[in-house]
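> Here is the input, now give the coordinates:
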Amino acid sequence: MDVGELALEEIHKRLLIDEAWTWRRPRGFTWIAHRLNQSTDASPVFESRGIKISRIVSRVTVIENVGVSQSSAEKIVGEVNHLAVGSAYVYLSEDRRVDAIVAHHVHDETLKMRSKQIAAYQMLALAFGELHSERLADAFQGKVATRQHPASGKRLQADDLLNVIAAFYRPAGALPSSFADSAAIEQVHQLVRNTHFFSAGGSAGGIAIEVAFGNDDTTLIELQTEASHTHLGTGLGVFLKLRLNADEAQVARSANELNLLQFAAGAVVPAVGAWCLYTLDGRPSLGHAFFVPNAHVQGHVAADVHALVLDGAMAAIEQALWVDSVLHPNLPPRSSLPIVEKRLGLNLRG
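A predicted model of the protein is given here:
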């Protein structure tokens with residue numbers, strides 16, 4: 001088996017899925033935990049930056065027969081995605097449905113770590129989908145995308161996995177944040193020093209990084225080590241903020257389109273978290289949200305904290321570079337330092 005097939009087996013094992021509620025296909029499987037299906041697929045192995053990788057994509061259709069207008073649906077997903085953990089809600093206008101999707105790539109060296117991460121975010125996507133399905137159906141004026149197993153039929157008794165938020169995540173999230181670690185933030189600062197990105201340094205509370213966006217602006221990345229999630233408690237918040245000269249409907253459409261684009265076939269950007277609608281200085285603007293729960297740190301092990309914080313920062317930088325390349329395709333790679341220098345009136349390069 002190649003790395004993609006190995007990742008599928010690892011994810012299936014970590015989710016503790018019963019074969020009776022699984023149906024398989026080449027390079028993928030689908031399973032049902034209660035009402036909603038979750039499909040996971042691994043792309044054929046391909047080469048990116050000299051590394052052989054496979055793209056793992058997990059999808060849950062949550063709402064179908066959406067009755068609100070496209071602009072209304074895009075606004076709803078843009079607002080809901082403020083709470084993105086691993087997956088993004090996306091509106092597919094042609095099919096009038098809402099899916100929760102997460103995607104990442106694996107290679108030989110990251111197989112175990114990334115499979116564990118993807119499985120955790122798949123689990124949360126399905127648990128949140130079941131938890132919020134009625135409320136979302138009302139908001140979208142649609143219906144819950146109830147399915148059944150092709151052989152086993154309806155699953156009348158929900159899988160225990162769907163209790164994971166109350167049983168595991170909330171108790172861990174009630175504790176102080178495991179991510180408020182100055183050494184972990186210092187690792188991030190060292191990562192961006194002497195690069196095209198700018199950071200003035202950070203503290204145990206977090207760090208800000210700026211990546212060039214367009215000719216004369218930057219994408220602001222904020223790692224907040226004591227962020228709070230409505231359902232999961234404390235953890236690490238990784239947020240990107242852009243300034244766009246657009247109205248709310250345009251920003252919401254851009255956010256949805258970016259989410260769809262990052263899940264498209266052939267994309268390689270780590271699609272963890274979601275592009276969303278947020279307000280900056282009283283104006284609608286485009287952002288990206290990604291939350292790492294306290295529960296993802298086993299026993300407050302420092303090495304785990306440092307790895308998760310660094311991984312979050314690197315994924316955010318990749319997202320910032322990607323969104324700049326999508327929205328400004330004719331601009332070459334460039335430094336954010338001259339832009340920040342101009343704004344602050346300082347010489348940051350000695």
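> For stretch 267-280, what does the pLDDT average out to?
The predicted model gives stretch 267-280 an average pLDDT of 87.
> Show me what counts as buried in it.
Neighbour-count burial for stretch 267-280, counted by 16 or more other C-beta atoms under 10 Å, picks out 267-278. Where you see a C-beta, it was placed from the backbone N, CA and C, and this is true even at glycine.
> wait, which of these is closest to residue 105?
Nearest to residue 105, judged by C-beta to C-beta, of these is residue 268 at 6.2 Å.
> which helix is the longest one in the protein?
If you go by DSSP state H, the chain has its longest helix at helix 111-140.
> Past that one, which element shows up next along the chain?
strand 143-144 (DSSP states H and E).
> who does that next one touch, helix- and strand-wise?
strand 51-64, helix 111-140 (3 or more C-beta pairs under 8 Å, 6 or more residues apart in numbering; DSSP states H and E).
> Identify each buried residue in the longest one, please.
For helix 111-140, the buried set under the neighbour-count rule, 16+ other C-beta under 10 Å, comprises 111, 114-115, 117-130, 132-133, 136-137, 139-140.
> Check stretch 338-346 too.
In stretch 338-346, counting by 16+ other C-beta under 10 Å, buried: 339-340.
> Straight-line length of stretch 298-307, end to end?
End-to-end distance for stretch 298-307: 12 Å, by C-alpha to C-alpha, to the nearest Å.
> re earlier: between the longest helix of the chain and strand 51-64, how many degrees?
Angle, helix 111-140 to strand 51-64, by axes from the mean of the first three to the mean of the last three C-alpha atoms, to 10 degrees: 20 degrees.
> Just list what helix 111-140 packs against, helices and strands only.
Partner elements for helix 111-140 (3+ C-beta pairs under 8 Å, 6+ apart): helix 3-14, strand 37-42, strand 51-64, helix 70-80, strand 97-106, strand 143-144, helix 164.
> Tell me which residues of the longest one come out buried.
Same thing as strand 51-64. Of the residues in strand 51-64, those buried (16+ other C-beta under 10 Å) are 53-64.
> from the residues you listed, which single one is nearest residue 258?
Using C-beta to C-beta, the buried residues of strand 51-64 come closest to residue 258 at residue 57, 16.0 Å.
> Residue 42 against residue 1, yeah?
No - with contacts counted by C-beta atoms under 8 Å, residue 42 stays clear of residue 1, the gap being 9.9 Å.
> Which residue of the two possesses the greater neighbour count?
Neighbours were counted for residue 42 and for residue 1 using other C-beta atoms under 10 Å; residue 42 has more, 25 against 9.
> tell me the contacts of the residue nearest to that one when sequence neighbours are not counted?
Of all residues not flanking residue 42 in the chain, residue 4 sits nearest, at 3.1 Å (C-beta to C-beta, 6 or more residues apart in numbering). Neighbouring residues of residue 4 by C-beta atoms under 8 Å, 6 or more residues apart in numbering: 27, 42-45, 54-56, 106.
> again, but for residue 212
196, 218-219, 324, 334-336, 339.
> By neighbours, which of the residues you listed wins?
Neighbour tally across the contacts of residue 212 (other C-beta under 10 Å): the maximum, 26 neighbours, falls on residue 219.
> give me the beta-bridge partners of that residue?
residue 211 (DSSP bridges).
> Residue 6 against residue 110, yeah?
No - Residue 6 is beyond contact range of residue 110, at 11.5 Å (criterion: C-beta under 8 Å).
> what sits against residue 316?
With contact taken as C-beta under 8 Å, 6+ apart, residue 316 is in contact with 209, 221, 223, 238, 240, 288, 290.
> of those, closest to residue 232?
The shortest gap between residue 232 and any of the contacts of residue 316 belongs to residue 290, at 12.6 Å (C-beta to C-beta).
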